[in-house]
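J.: Everything below, folded, please.
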Amino acid sequence: MSKKDFKPYDNEADVLQVGGLTIENRLDRITIDGDIDLTMDQAGLRQARELYQLLGAAVARLEAQRDLPERLPPPQVTKTANPFE
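T.: Numbers count the residues shown, from 1 in each chain. Presented below is the predicted three-dimensional model:
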């Protein structure tokens with residue numbers, strides 16, 4: 001998946017890697033996990049631009065929503081029985 005195909009809040013499947021970051025798409029949130037060093041070189045510049053583009057798209061999508069709640073409730077976590085036991 002390329003960063004151009006990643007549309008924030010569009011589906012429950014897209015995952016991007018930027019440096020040591022994993023960015024997961026959801027319908028109601030984007031999860032960013034990991035760490036990254038934005039080094040002062042060409043590689044750091046590329047990664048900074050990727051993040052800038054991704055966050056800019058997320059901000060644009062959020063600003064386009066007219067009925068944003070003040071805060072979403074935390075995601076519901078359910079436990080499933082282990083089918084292998």
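
J.: rest of the way, CA atoms for contacts and neighbours
T.: Noted.

J.: How many residues are close by residue 80?
T.: By the criterion of other Cα atoms under 10 Å, residue 80 has 6 neighbours.

J.: Please enumerate the strands of the chain.
T.: For the chain, applying DSSP state E gives strands covering 15-18, 20-25, 30-35.

J.: Relative to the first one, what are the paired strands and their orientations?
T.: Right, the one you point to is strand 15-18. strand 20-25 (antiparallel) (DSSP bridges).

J.: one step back: would TSV of the strands of the chain with distance to residue 7 be doable?
T.: Shown next, in TSV, are the strands of the chain (distance: least, Cα to Cα, whole Å):
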stretch	distance to residue 7
strand 15-18	11
strand 20-25	8
strand 30-35	10
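
J.: I'd like the ones you listed as TSV, with mean pLDDT and distance to residue 83 appended.
T.: TSV is the format used below for those (pLDDT from 0 to 100; distance: least, Cα to Cα, whole Å):
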stretch	mean pLDDT	distance to residue 83
strand 15-18	95	27
strand 20-25	97	26
strand 30-35	96	28
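
J.: Could you measure from residue 12 over to residue 78?
T.: 17 Å (Cα to Cα, to the nearest Å).

J.: And stretch 16-34, what's buried?
T.: Within stretch 16-34, the residues that count as buried by 16 or more other Cα atoms under 10 Å are 16, 17, 18, 19, 21, 23, 24, 25, 26, 29, 30.

J.: Can you tell me which of these is nearest residue 56?
T.: residue 30 (12.9 Å; Cα to Cα).
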